[in-house]
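A.B. asks: Whatever this is, show me its structure:
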Amino acid sequence: MTETPGELPGKPISASRTTLSHIMTANDTNLLGSVHGGVIMKLVDDAAGAVAGRHSGGPAVTASMDEMAFLAPVRVGDLVHVKAQCNWTGRSSMEIGVRVLAERWNESTPATQVGSAYLVFAAVDAEGKPRQVPPVILETEQDERRYQEAQIRRTHRLARRQAIMALREERSAQGFAEEF
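C.D. replies: From the prediction side, this is the model:
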């Protein structure tokens with residue numbers, strides 16, 4: 001990626017990539033005896049937040065979570081690995097891709113993917129105002145693919161938001177009140 005005047009120098013994706021690992025215990029379970037989806041989502045947000053902070057060089061807050069997919073249940077005794085990287089950057093926002101893998105803590109079998117998600121983070125300053133982030137430097141063909149897919153997701157997020165706001169304005173003009 002080329003830099004424009006006033007733009008921060010780019011940062012390679014590998015510089016902020018991270019893995020968070022955690023053994024699931026009985027405290028993490030839901031009423032069905034598997035690990036609660038909210039526990040996995042917190043780990044996803046934690047790992048993504050670490051990547052966003054590393055990439056932006058400071059505080060970043062979760063703006064949205066897209067496409068959280070649970071592919072298989074996680075059980076007590078699973079060692080969960082949450083792998084995250086920055087896929088795309090805008091002026092102050094970043095898309096972080098996350099893959100969730102699980103393996104038995106006491107077996108030497110390969111980890112299997114049990115979930116994935118895409119989160120958008122906004123870099124903020126001490127007053128909570130948006131601040132500029134460095135562009136990502138793509139290092140591999142996979143990075144390039146992820147960057148292009150992130151641009152598609154961003155386009156869809158913006159179009160969805162615009163369509164919803166237009167519908168709300170139309171319904172408000174028709175006199176419909178929103179309950180929640």
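A.B. asks: For the spatially most central residue of the chain, give me its contacts.
C.D. replies: Taking CA atoms, centre = their mean, the centroid of the chain lies closest to residue 119, which sits 2.5 Å from it. Residues in contact with residue 119 (CB atoms under 8 Å, 6 or more residues apart in numbering) are 44-45, 48, 62-66, 95-96, 98. Placement of C-beta: from N, CA and C, glycine included.
A.B. asks: out of these, which are buried?
C.D. replies: When these are checked for burial by 16 or more other CB atoms under 10 Å, the buried set is 44-45, 48, 63, 65, 95-96, 98.
A.B. asks: Return the subset of these lying in helices.
C.D. replies: In helices, judged by DSSP state H, the following of the buried ones among the contacts of residue 119 are found: 44-45, 48.
A.B. asks: Format those as JSON lines; extra columns: pLDDT and distance to residue 174.
C.D. replies: Output for these, formatted as JSON lines (pLDDT from 0 to 100; distance: CB to CB, whole Å):
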{"residue": "44", "pLDDT": "98", "distance to residue 174": "39"}
{"residue": "45", "pLDDT": "98", "distance to residue 174": "38"}
{"residue": "48", "pLDDT": "98", "distance to residue 174": "39"}
